[in-house]
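>>> Compute the structure for the input listed below.
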Amino acid sequence: MAKTLDGKLVVAISSRALFDFEEENLVFEQGDDRAYMALQLQRLDMPAKPGVAFSLVKKLLAFNQAVRDQPVEVVILSRNDPVSGMRVFRSARHYGLPIERGNFTRGQSPWRYLKPLHANLFLSTHLSDVRAALDAGVPAAQVYPQSVHASDAHPYEVRIAFDGDAVLFSDEAERVYQSQGLQAFQQHEVDKVTQPLPDGPFKPLLVALQKLQQSGTPAMRIRTALVTARSAPAHERAILTLMNWNIEVDEAMFLGGLAKGEFLREFEPDFFFDDQTGHIESAAQHVPAGHVASGVANG
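Alright, predicted model coming up:
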C-alpha cells in the first residue's frame, strides 16, 4: 500500500528558505546553472548554514520525537537541480533534521507539486511561486533571506505570528480601508461586528497548528499571536471571528498602525506572516518574516 501524508502537517520549503545559499545563489543569478551545480558539488560535504526558516522547521519536526504517529512532514520543494539537492539533504542530516522527501526541478517552478503533497504551508524565496501557490489555495509566503534569524530563547515552543486582514482573514475589510480610509473601515467593522470575517489564505495553517497542538506532547508546544494594524473598535470583529472558528490564539496585538517590528522582536516568533511588504521589511529587521502576496494590497 502506498504511503500517504494525509492528516499530517506538511511544510513544503525551498532550499534557500531552509538554508543560507545566498552566496551560491549569486552564481545561479548570473545565469550559469552549470557553474552553480559545480559549486554545490564542490561543497557537497560542507553543511550549509541555517537559513531564515530553519528554526521553524527544526521545532516543528521536534513534535515527531514525542508523538507516535509522526504528525509533521517537511518536504524540500526546490528549483535546485538534483545534484545540488544532495547537498540539501546532507546539510539536513548534519543538523539532525529528519527530512526524507524532496522535489528538485532545476529552475522550473515547483509549486505544482504542492497539491499531491497536501501541503499546509509553502515557504519560498520566489515571489512567482508563492503567488501561484496562493492561487492554488495553499498557504504560502515569500521568505526574506535578509531577515534576522529566530531567537533561541524558546527551544521547546514553536512561536508563529500572523497578520489579520488578507492573511488569517480575507481582505474584505482591507478593501474598505484602501478605498475609503480609516474612518469608513472602522464603521464598516462596527456595523458587521457580529458577522465573522471570511476565511483568509492562512486560516488552514492556523487550523492545522491547533490540531498539532492538541495532538499532545509535553516536550513541545505552539504559541500563536495575531499582530494587526487594527485598533478598537475594529478589534472585536477579529476576536469574534476567531471564536466563531473555534480557534484560540495566545496573544493579540492591536497596534493601530504602529510599526510591528519592535513588538515582534519582543514576542520572538520563529516566523511572522504579513501581506504588506512595508510590515515585512520592518519585521525582518527583528525576526524571520515572509510576505503573503495576497489581497488588495498585492493586486
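>>> what's the strand or helix carrying Phe122 packed up against?
Element membership for Phe122, per DSSP states H and E: strand 121-124. The helices and strands touching strand 121-124, judged by 3 or more C-beta pairs under 8 Å, 6 or more residues apart in numbering; DSSP states H and E, are strand 9-13, helix 15-18, helix 127-135, strand 140-143. The C-beta positions use only the backbone N, C-alpha and C, and glycine is treated the same way.
>>> Could you name the helices and strands sitting against the second one?
If I follow you right, that is helix 15-18. strand 72-78, helix 82-94, strand 121-124.
>>> How far away from the center of its chain is that helix?
12 Å (C-alpha atoms, centre = their mean, to the nearest Å).
>>> Show me what that helix is in contact with.
Residues from elsewhere that reach helix 15-18 (C-beta atoms under 8 Å, 6 or more residues apart in numbering): 21-22, 25, 50-54, 57, 76, 78-80, 84-85, 88, 92, 123-125, 143, 145.
>>> And the strands in the protein?
9-13, 19-20, 49-50, 72-78, 101-104, 121-124, 140-143, 157-162, 221-228, 251-254, 271-274, 289-291 (DSSP state E).
>>> Count the neighbours of the closest residue to Glu189 other than its chain neighbours for me.
Leaving aside its sequence neighbours, Glu189 sits nearest to Ala234 (C-beta to C-beta, 6 or more residues apart in numbering; 4.0 Å). Using other C-beta atoms under 10 Å, Ala234 has 24 other residues around it.
>>> What pLDDT does the model give Ala234?
Predicted confidence (pLDDT) for Ala234: 90.
>>> thinking again about what came up before, determine which of the strands of the chain approaches Phe263 most closely.
Nearest of those to Phe263, taken as C-beta to C-beta: strand 251-254 at 5.5 Å.
>>> Could you spell out the sheet neighbours of the closest one, each with its direction?
strand 221-228 (parallel) (DSSP bridges).
>>> Can you say which of the helices and strands packed on helix 15-18 is packed in most?
Most buried of these by mean neighbour count (mean count of other C-beta atoms under 10 Å) is strand 121-124; its value is a mean of 28.
>>> what's the spacing between it and its chain's center?
6 Å.
>>> Residues touching that strand, excluding its own?
Taking C-beta under 8 Å, 6+ apart as the rule, strand 121-124 contacts 9-14, 16-17, 53, 77, 111, 114, 129-130, 133, 138-143, 205, 290.
>>> same thing with stretch 228-245?
163-165, 168-169, 173, 185-186, 189-190, 192-197, 203, 207, 226, 248-249, 252-258, 260, 279.
>>> for the stretch 151-299 of the chain, what spans make up the helices?
172-180, 182-191, 203-214, 235-245, 261-267, 277-283 (DSSP state H, counting those that start in this stretch).
>>> residues touching Asp20, list them.
Per C-beta under 8 Å, 6+ apart, neighbours of Asp20: Ala48, Lys49, Pro50, Gly51, Pro145.
>>> could you dump those to JSON lines with pLDDT, distance to Gln178 and neighbour count?
Converted to JSON lines, the contacts of Asp20 look like this (pLDDT from 0 to 100; distance: C-beta to C-beta, whole Å; neighbours: other C-beta atoms under 10 Å):
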{"residue": "Ala48", "pLDDT": "96", "distance to Gln178": "40", "neighbour count": "23"}
{"residue": "Lys49", "pLDDT": "97", "distance to Gln178": "39", "neighbour count": "13"}
{"residue": "Pro50", "pLDDT": "97", "distance to Gln178": "37", "neighbour count": "18"}
{"residue": "Gly51", "pLDDT": "97", "distance to Gln178": "33", "neighbour count": "26"}
{"residue": "Pro145", "pLDDT": "92", "distance to Gln178": "29", "neighbour count": "16"}
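>>> any chance of those in JSON lines, plus distance to Phe267?
Formatted as JSON lines, these follow (distance: C-beta to C-beta, whole Å):
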{"residue": "Ala48", "distance to Phe267": "28"}
{"residue": "Lys49", "distance to Phe267": "25"}
{"residue": "Pro50", "distance to Phe267": "20"}
{"residue": "Gly51", "distance to Phe267": "21"}
{"residue": "Pro145", "distance to Phe267": "21"}
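>>> Closest to Glu157 out of the residues you listed?
Distances from Glu157 to the contacts of Asp20, taken by C-beta to C-beta, are shortest for Pro50, at 18.0 Å.
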